[in-house]
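1. turn this into a structure:
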Amino acid sequence: MRYLRLLILLSTCLVPFSAHAVTGEWQGDNDARARLISGLEGTGTEAKIPLGLEIQLAPGWHTYWREPGDAGIPPQIDWQNSISDDGNLHSASLVYPAPRRFSAQGMESIGYNDHVVLPIDASVRVPGKALALDAKLDLLVCSELCVPKHLQLHLAVPTGNPERGPEATLIDDARAHVPGNALISGLNVTEVKRNADSLNVVVTSKTPLMAPDIFIENDKNVAFNKPEAVLNDDKSAVTFTLKPASALPEGVTLADLSLNLTVVDGEHALEQKANPPSPGAPEPAPADPPALWLIIVLAIMGGFILNLMPCVLPVLSLKIFSVVSHGGGDTRAVRRSFLMTAAGILFSFMLLAGITIALKETGRMIGWGVQFQQPVFLVFLTLLLTLFAANLWGLFEISLPRFLADNVNSFYHPKKTGDFATGAFATLLATPCSAPFLGTAVGFALASGPKEILVIFAAIGFGMILPYLAIALWPRIATALPKPGAWMEMLRHLLGWALALTALWLIWILAAQVAAIGAFLIGGCMAGLIAVLYLRKRATPWKLSYVAFTILMLLPFGVAFLGTAPAATPAPGGVWQAFDESAIARYVSEGKTVFVDVTADWCLTCKANKRFTLGSSDVSDRLFNAPNVIAMQANWTNPDSTIASFLRAHGRYGIPFNVVFGPNAPQGIVLPELLTPSTVLDSLKTVQKNSNGCDATQAKC
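-> Alright, predicted model coming up:
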């Protein structure tokens, strides 16, 4: 249909108006200046606001990291004036991206030059109220001389919808450069040898090392000289030798130090702890990252299971219709049809891999299924599902464009391009899902280089096409069905309603992104499209239906681009506490257990976990009634750099994601994507048991 082709063309040409930046005024001089920036244009009802400290330095000047090296002072911010009813700030803390080393006059310092954004984890006192920041910044900047800067910074974030502003990308990019774990960074500390007067640290890398460096923090304030770095022949590992810069304090030995190691090599950065070994025992080396072949196996298994996940169920109607339409048909046509659908799936995964590599190379924060956070994508998908449903209902008999969908009118011999596009559409709807084994595979891929991303995404696609290959090998599975007849028409109408319900589900998701009035308007446009097609079938004049159809197709994109701003991320309901990453360590230090559930309205697997596991009586009683258990929920329906960083810190890039923290596991135990009551209850027992064996997460202990 020509107007469908027009839709695709126009949707690619539409561009949004520029958002309004929420920033403070630059303070400082030509050598160094700084300002506060906000990732949101309004506070909405958010408990946490993504902020950043943006610093611009003149050529030849630098400032300092949290551990400055031989000399220097890290940036220090006094928020006291903002922690008030008028300021509405509850707490704020700086987050440090990976630094670099500066050597001058025999002294080693660690920090940043040119331009840097330090993300700020900030929470408000009263959600829904404006944020008025008045902060004092002490900043030491150095060139040939060091000059302290005392700056008064201001930032006002008004009330209103928390739409992402232009500065959100700066904050996201800075968070993407915060050192991660071995899975994220591709680096791994495999050995820490503690000699009497030096440390030897061995670091391996999944990609060839270029110019690795290491920075040491410890609990005794022992400073170290610039490390000596020796690369192996294939540059897959480096051995650092570090010596103390001065004599150790009395009573302190290198064997006693609790170390925090930060390794930086270009865009890759690792942060890893190395605690002193128990007396008489060798220090355990961290486990190597899993081998690529094992990740490929997990990717294939995850791709296969993806066919059975709730997120993929909306595609089931097209799969069923594709099978039954071959009833009594030619086996060669069946084989060709399912091989083309498999090719569409593989091609789509390769396209996703290419897009992922491009985004990663530009430093963007990436994730699995995050396109469902974009209203324009949801509008496009809702429109496709509505037109698919109308086609199945027989409201128009002209096939969809070949690059969009299957020619469902050809019962016996579907066109190759239609079969190919059906596979692409199945992939599109499958991407918000994180199946078992898939989270580990995707996390490994997104933390690796382009080669690994291509191989692992291809493996996921291969796993997903296995059922299609099975039917292609044994086409009688499809041809043994009854020939199409009256029953086929009934099935068409039934499956059309299944697609319509899926479109309604997407409109419900849109209500959390473009507000209820915007979602209502989009839903009205979809109903209008059905009405126009129905009237067109009843011989309504073509010009009138063409104009109405075009308006109803374009108006939803206008709502998504230019209409109401995204609504606030829904607050957790009932007994769930709002997600606060900064509070987790405090709760654990108090002897409590923290269960974190990262969910989203568009994640059907998350809904299944909540309904069948977290909502079960045994689990809910333990999570919500035990005095020592804190249940936090993070809603990722809309983009949130804090949640994305939290996932990334645990080697995950998609949801569902659940992790349990406790005194016996302060770093957290990550749970499988599909939860069971026994999995959750066992993890709660593992992270916190009293010395008497009593499970402290019980209501009665």
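2. what does the pLDDT read for the residue lying closest to residue 578 once chain neighbours are set aside?
-> Setting aside the residues directly before and after it, residue 578 is nearest to residue 47 in space (CB to CB, 6 or more residues apart in numbering), at 4.6 Å. Bear in mind the C-beta positions are built from the backbone N, C-alpha and C, glycine included. pLDDT recorded at residue 47 is 82.
3. and residue 47, what does it touch?
-> Residue 47 is in contact with 123, 124, 127, 571, 578, 580, counting by CB atoms under 8 Å, 6 or more residues apart in numbering.
4. residue 218: which of these is nearest?
-> residue 580 (28.1 Å; CB to CB).
5. gap between that closest one and residue 662?
-> 17 Å (CB to CB, to the nearest Å).
6. so those two - more neighbours on which side?
-> residue 662 (26 against 21; other CB atoms under 10 Å).
7. off-centre distance for the longest helix seen in the chain?
-> In terms of residue count, the longest helix belonging to the chain (DSSP state H) is helix 331-361. How far helix 331-361 lies from its chain's middle: 23 Å, per CA atoms, centre = their mean, to the nearest Å.
8. same check on stretch 452-462?
-> 18 Å.
9. residues in contact with the closest residue to residue 331 other than its chain neighbours?
-> Leaving out its chain neighbours, the residue that sits closest to residue 331 by CB to CB, 6+ apart is residue 475, at 4.1 Å. Counting by CB under 8 Å, 6+ apart, residue 475 makes contact with 326, 331, 332, 334, 335, 338.
10. go on, residue 560?
-> Shown in contact with residue 560 (CB under 8 Å, 6+ apart): 375, 376, 378, 379, 510, 514, 518, 522.
11. return the members of these classed as buried.
-> 375, 376, 378, 379, 510, 514, 518, 522 (16 or more other CB atoms under 10 Å).
12. chain neighbours aside, what residue packs nearest to the fifth one?
-> Taking CB to CB, 6+ apart as the measure, residue 510 lies nearest to residue 519, with 4.3 Å between them; neighbours along the chain are not counted.
13. doesn't that neighbour fall inside a strand?
-> No: counting by DSSP: H, G, I helix; E, B strand; the rest coil, one finds residue 519 to be helix, located in no strand.
14. residue 505 is in contact with that one, correct?
-> No: at 11.4 Å, residue 519 does not count as touching residue 505 under the criterion of CB atoms under 8 Å.
15. between these two, who's got more neighbours?
-> residue 519 (25 against 16).
16. who are the contact partners of that one?
-> By CB under 8 Å, 6+ apart, residue 519 lies in contact with 507, 508, 510, 511.
17. and which of the residues you listed is nearest to residue 461?
-> Proximity of the contacts of residue 519 to residue 461 (CB to CB) peaks at residue 510, which lies at 28.3 Å.
18. so how far is residue 139 from the closest one?
-> On the measure of CB to CB, residue 510 and residue 139 end up 43 Å apart.
19. list phi and psi for residue 33.
-> phi -140, psi 160 (degrees, to the nearest 10).
20. same question for the longest helix of the chain: list its buried residues.
-> Applying 16+ other CB under 10 Å to helix 331-361 flags 333-346, 348-349, 352-353, 356-357, 360 as buried.
21. what residue ranges in the stretch 351-500 of the chain score low on pLDDT?
-> Counting by pLDDT under 70, the stretch 351-500 of the chain shows low-confidence ranges at 360-367, 369, 396-418, 430-437, 439-440, 447, 477-489.
22. do you have the helices of it handy? List them.
-> 375-392, 416-430, 438-446, 450-473, 476-479, 486-510 (DSSP state H, counting those that start in this stretch).
23. same for the last one, what does it pack against?
-> Read it as helix 486-510. helix 316-324, helix 375-392, helix 515-537 (3 or more CB pairs under 8 Å, 6 or more residues apart in numbering; DSSP states H and E).
24. what's the angle between that helix and helix 515-537?
-> Angle, helix 486-510 to helix 515-537, by axes from the mean of the first three to the mean of the last three CA atoms, to 10 degrees: 150 degrees.
25. between helix 416-430 and helix 486-510, find me the angle.
-> Using the same axes, to 10 degrees, helix 486-510 lies at 40 degrees relative to helix 416-430.
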